[in-house]
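S.K.: build me a structure from this.
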Amino acid sequence: MRWLMYCWMLIVLLVGCTQADQASLTTKQFAIYIFDRAAINQFEGQNHNPTAALQTIDLAQASVVLTETDLLAYDWPQQQLRIRNPQGVLAKERPAEMDIEGFFVIVFNQQRIVLGRVHSNSTAMAADYPLLLDTIESYSTGEAISVYQLRANSATIRSDAPHAFPNADPAIAEAVKNHLRELGKLVE
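M.R.: Okay, here's the model as predicted:
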């Protein structure tokens, strides 16, 4: 009898762990890792190689990780992201790498798909990297919300035309779009 009770407890424990693992995997399918300059310096200057940086940067060095939970809406035609600020902090209290001195890596389904610079939209700059532009901050629901624009490069910043997802593979862009649609966070 006691053996049967231990079996039931083991089954309940395994089911609970499996559900917890699936939930954590789902919330990490789309994430933006933000790094300070020190983490990316090894890829700058003479060693400038965005492809190597994308594939080899240690994601554990990110100072901020924005997950699907932080993403409130993704306007696909404009490549504009509304993101709940981590810990609800105001823009002036965020780490500098979230608006002007950082780099980012977008990860989807455990695959690194975009690397670029985080920058303020008010700063004109040329970049070899895609840009994640910190544009505005709002408080529509009483919490600090940042709005970012994802651009392939600085030449496309002020264009009124729709913007493309800055990954050359259309299958990846479509997969990200479909995933965001399933989450109810895609604006088409």
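S.K.: the helix or strand harbouring Arg82 pairs with which strands, parallel or anti?
M.R.: Here Arg82, judged by DSSP states H and E, is contained in strand 80-84. Strand 80-84 has the following sheet partners, assigned by DSSP bridges: strand 71-75 (antiparallel), strand 145-151 (antiparallel).
S.K.: helix or strand right after the last one?
M.R.: Which is strand 145-151. Counting by DSSP H and E, what follows strand 145-151 is helix 170-183.
S.K.: so after that next one, what's the next helix or strand?
M.R.: For helix 170-183, the following helix or strand on the C-terminal side (DSSP H and E) is strand 186-187.
S.K.: so what touches that following strand?
M.R.: Ala73, Tyr74, Asp75, Trp76, Pro77, Lys177, Leu180 (Cβ atoms under 8 Å, 6 or more residues apart in numbering). Yep, even glycine has a C-beta here, placed from its N, CA and C like the rest.
S.K.: try 7 Å
M.R.: Under the contact criterion Cβ atoms under 7 Å, 6 or more residues apart in numbering, strand 186-187 has outside partners Ala73, Tyr74, Asp75, Trp76, Lys177, Leu180.
S.K.: which of those residues ranks first by neighbour count?
M.R.: Among these, Tyr74 has the most neighbours (other Cβ atoms under 10 Å), with 26 neighbours.
S.K.: run through the residues that contact that one.
M.R.: By Cβ under 7 Å, 6+ apart, the neighbours of Tyr74 are Leu81, Leu180, Lys185, Leu186, Val187.
S.K.: what about the chain, any weak spots by pLDDT?
M.R.: The model of the chain has pLDDT under 70 over residues 1-28, 42-49, 87-93, 99, 122-127, 136-142, 153-160.
S.K.: which residues in it form strands?
M.R.: Taking DSSP state E as the test, the strands found in the chain are 30-35, 64-66, 71-75, 80-84, 102-108, 111-120, 131-138, 145-151, 186-187.
S.K.: including distance to Ala164, could these go into CSV?
M.R.: Below are the strands of the chain laid out as CSV (distance: least, Cβ to Cβ, whole Å):
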stretch, distance to Ala164
strand 30-35, 17
strand 64-66, 21
strand 71-75, 13
strand 80-84, 13
strand 102-108, 14
strand 111-120, 12
strand 131-138, 13
strand 145-151, 9
strand 186-187, 15
